[in-house]
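Colleague: Just need the structure, nothing else, for what follows:
(chains A and B)
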Amino acid sequence: MKRSITLVSRFVLYLILIAPLLLFVAYTFSTRWFFPQPFPTEWTTIAFQRAVNDSRTFSGIAQGLSIAVLVSGFSLLLGFPAARVLGLRKFRGRKLVWLFFFVPTVIPPLAFGMGLNILFLRIGLAGTIAGVVLAHIVPALPYTIFTLSSAFARFDENYEFQALALGASPWQVFRKVTLRMMAPSLVVAALFAFLISWSQYLLTLLIGGGRVITLPVLLFSAASGGNPSTIAALSLLFIAPPVLVIALTARQLNEHGNEIREQY
Amino acid sequence: MKRIVFLFVALTMLLAACSSPTGGAPASPLPSGEGQGEGNPPVATDAPNAAGEFDLNNWDSVLAAAKGQTVNWYIWGGSDSINAFVDNFYGKALKERYGITLNRVPIAQTSDAVNQVLSEKQAGVDPGAVDLIWINGENFFTLKQADMLYKDWAQKIPNAALVNWDNPAINLDFGHPVDNQESPWSSAQFQFIYDSARMSADELPRSYTALKEWACAHPGRLTYIDPSGSGGFLGKRFLKGALYELSGGAQQWLTFDQALWDQHSPALWTYLNDLKPCLWRNGETYPQDESELVNLFANNEVDFSMTNDIAGAGRWIADGRMPETARAFVFDNYMIGDFNYVAIPLNAPHKAAALVLANLLLEPEFQAAQILPENGFGLGYAIDVTRVTDPASLSDLETAAAKLGDAATPAADLAKSLASDSAAEYQNLIEQDWLKFVLQK
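Modeller: Got it, this is the predicted structure:
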């Protein structure tokens, strides 16, 4: 009995997760699907083909992916030391530092985006990939820092001391002890930064000034036109990379979960 | 500690509050002189770019300078069919005939491009990013006021000879003088759309009075576009048509007169408030733009849509957004029509290529192509057909007009009901007062 209830609730849960995706697929491959028809009557691949054959779609995906990967890398580089100190040390003004890192998540992107845009125009970063990457780091960094610092809060420095005592060089300690132990959290933090950058519309548009065109920029432009087939086709392409990345890292995340369970 | 934290939060909120208006109000004039740089000599904005010097009075020098350039055209990207039309027709021709690459930059709204140019002005960036903008009305006026438009060119391009520049509908853009700072691309006229599978042509209302009767006989089957919404342009057009009918004429609204407005506007609000209980969702909410109204219409929630396309429902049918039985129609009177334009920012990096493109838009073969719904654009001519002398081009234009098909309103009906848009000052009045007297009532 209990088993069948679990099965049914599992099925319902999966359905809830998958239903919006199915709707996207149905809209992508149909046209003139109007109320009160319960199912599409005219099937076509025109919208999907148009989206795939448009060279902008491809360059949008390529630019968006490279920006997201760079943002994710830089956020880790910047966030790792900050998170270590915040997670492991107690010092005067620690809460203030926390708040400082928290600020980008509460200030609307438009507020700092406009200011950044004018600054970047002056120093020649506006309309460049480098400028967009820098702008994306602002909202991405807090999430990397939070994820990593909570992992560091559970981190036992004695492992590092032990390795040092056994004669490992600081670089070896970092590589073989710290990085190994932090690996699952690093993956999660990188994923956060990747997702935030990948789905960024406003900052890309402001700083990119129409010259850096990522998939969300194309998607918003299509959404303003309201053609459900085009929007759905671009949406399918938009959710593909995050879904793939999560699927590939699911193992890591899962192991991470087990580890936490083992710890307590 | 707590106090420090509180102070910090307050400070950041203050900072956020200070910087946000920059984004929200594109229309506010920027401080003049800003962006010239402190102590720097002012940039000689009239000097042509070193890369491509040209003389506007010598078209060959423009063509020579434009060759090999990439023109960045900032254009609303919300319609696939318009995007495809721009790439397939102008993109190809620019490349093949003039060696120019077209970079179509899709934007969600024209004010995005305006903000880009204004930011560049503030930062003193020259050359900037934008070469050409599809523009009219308020956005044009904003850039013109900011002194950020390339001047005195629109009548110097060769095909300007085909445009009737004496027509006030062309040389005034919402009542603001165009002053040769923008060149027309196409024309539009307000029309309604119905589904011939749902109702027959003789049931259609042909005036605002008849529309009210129809709506109250069919409660919930009519709505109009929110005049204050993102696509409020068409909504305002619908209201202005009603104002014309209720005040008994269009001509008097061409110049701004507060007394005239005070005299006739109450009748408009009475009309709309009487209409309100008969509207979709009792007039408590309205579609924000044409696209939302099209969705309501196509999904059988309301019976009429609105459009500005000369091709009527043609582009929507080609786009798969409306049933193939959709048809356009007009009232007997007061269907407002106007022109839309392209403008070149003062700091455009490739002015020569932008000029060639603006000229190409007026080429008779492309004017003929743009009105046909199967090509995806569906707006009307900017040129005056009677000025075209080449017999082949003339026959192209006439054939195209004849081919518009069932989804469009017959040209004679359009011409008969055509009215000019009112002075620009009424735009805001209509929007503000509609919010006050209709929506919030």
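Colleague: residue boundaries of the strands in the stretch 151-300 of chain B?
Modeller: B:172-173, B:176-177, B:182-189, B:191-195 (DSSP state E, counting those that start in this stretch).
Colleague: Now residue B:303. Its backbone dihedrals?
Modeller: phi -100, psi -10 (degrees, to the nearest 10).
Colleague: Strands of the stretch 301-441 of chain B, start to end?
Modeller: Using DSSP E, counting those that start in this stretch, strands in the stretch 301-441 of chain B cover B:305-307, B:326-329, B:335-343, B:418-420.
Colleague: Just want the angle from the third one to strand B:182-189.
Modeller: Note on geometry: by axes from the mean of the first three to the mean of the last three C-alpha atoms, to 10 degrees, strand B:335-343 and strand B:182-189 are set 150 degrees apart in direction.
Colleague: Can you tell me the strand partners of strand B:335-343 and which way each runs?
Modeller: strand B:132-135 (antiparallel), strand B:182-189 (antiparallel), strand B:418-420 (parallel) (DSSP bridges).
Colleague: What lies in contact with the second one?
Modeller: Applying C-beta atoms under 8 Å, 6 or more residues apart in numbering or on different chains, the contact partners of strand B:182-189 are B:134-136, B:140, B:149, B:153-154, B:157, B:160, B:163, B:170, B:173, B:308-310, B:330, B:335-343, B:358, B:361-362, B:367, B:370, B:377, B:379-382, B:414, B:418. In this view, the C-beta of every residue, glycine as well, is placed from N, C-alpha and C.
Colleague: Could you check which helix or strand contains the residue nearest to the spatial centre of chain A?
Modeller: The centroid of chain A falls nearest to residue A:195 when counting by C-alpha atoms, centre = their mean (1.1 Å). Element membership of residue A:195 [criterion: DSSP states H and E] is helix A:179-198.
Colleague: That helix packs against which elements?
Modeller: helix A:55-88, helix A:129-153, helix A:228-263 (3 or more C-beta pairs under 8 Å, 6 or more residues apart in numbering or on different chains; DSSP states H and E).
Colleague: export the ones you listed to TSV and tack on distance to chain B and mean pLDDT?
Modeller: Below are these laid out as TSV (distance: least, C-beta to the nearest C-beta, whole Å; pLDDT from 0 to 100):
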stretch	distance to chain B	mean pLDDT
helix A:55-88	8	95
helix A:129-153	12	95
helix A:228-263	5	77
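Colleague: Same list (those) but as CSV, adding mean neighbour count.
Modeller: Formatted as CSV, the helices and strands packed on helix A:179-198 follow (neighbours: other C-beta atoms under 10 Å in any protein chain shown):
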stretch, mean neighbour count
helix A:55-88, 19
helix A:129-153, 22
helix A:228-263, 16
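Colleague: which non-adjacent residue is nearest residue B:361?
Modeller: residue B:185 (4.9 Å; C-beta to C-beta, 6 or more residues apart in numbering or on different chains).
Colleague: And that neighbour, what's its pLDDT?
Modeller: Note on residue B:185: pLDDT of 96.
Colleague: any residues touching stretch A:38-47, and which ones?
Modeller: Outside stretch A:38-47, the residues that touch it by C-beta under 8 Å, 6+ apart are A:26, A:28-33, A:227, A:229-230, A:232-233, B:80, B:320.
Colleague: out of those residues, who's nearest residue B:288?
Modeller: residue A:227 (16.0 Å; C-beta to C-beta).
Colleague: What does that closest one show for phi and psi?
Modeller: Note on residue A:227: its backbone torsions stand at phi -80, psi 110 [degrees, to the nearest 10].
Colleague: and the strands of the stretch 301-441 of chain B, which one is worst for confidence?
Modeller: Minimum mean pLDDT among the strands of the stretch 301-441 of chain B: strand B:418-420, a mean of 87.
Colleague: Report the buried residues of it.
Modeller: Buried residues in strand B:418-420, counting neighbours by 16 or more other C-beta atoms under 10 Å in any protein chain shown, are found at B:418, B:419, B:420.
Colleague: Nearest residue to the last one in space, please, no chain neighbours.
Modeller: Right, residue B:420. Nearest non-adjacent residue to residue B:420, counting by C-beta to C-beta, 6+ apart: residue B:169, 5.8 Å away.
Colleague: Relative to chain A, how far out is the one you found?
Modeller: 27 Å (C-beta to the nearest C-beta, to the nearest Å).
Colleague: likewise residue B:218?
Modeller: Distance from residue B:218 to chain A, by C-beta to the nearest C-beta: 17 Å.
Colleague: Ok, residue B:240 next?
Modeller: 24 Å.
Colleague: Same question for residue B:301.
Modeller: Counting by C-beta to the nearest C-beta, the gap from residue B:301 to chain A is 7 Å.
Colleague: Go ahead and confirm that residue touches residue A:34.
Modeller: No - using C-beta atoms under 8 Å as the test, residue B:301 is too far from residue A:34 to be in contact (10.0 Å).
Colleague: that older thread, in JSON lines: the strands of the stretch 301-441 of chain B, plus distance to residue A:92.
Modeller: Converted to JSON lines, the strands of the stretch 301-441 of chain B look like this (distance: least, C-beta to C-beta, whole Å):
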{"stretch": "strand B:305-307", "distance to residue A:92": "64"}
{"stretch": "strand B:326-329", "distance to residue A:92": "70"}
{"stretch": "strand B:335-343", "distance to residue A:92": "57"}
{"stretch": "strand B:418-420", "distance to residue A:92": "71"}
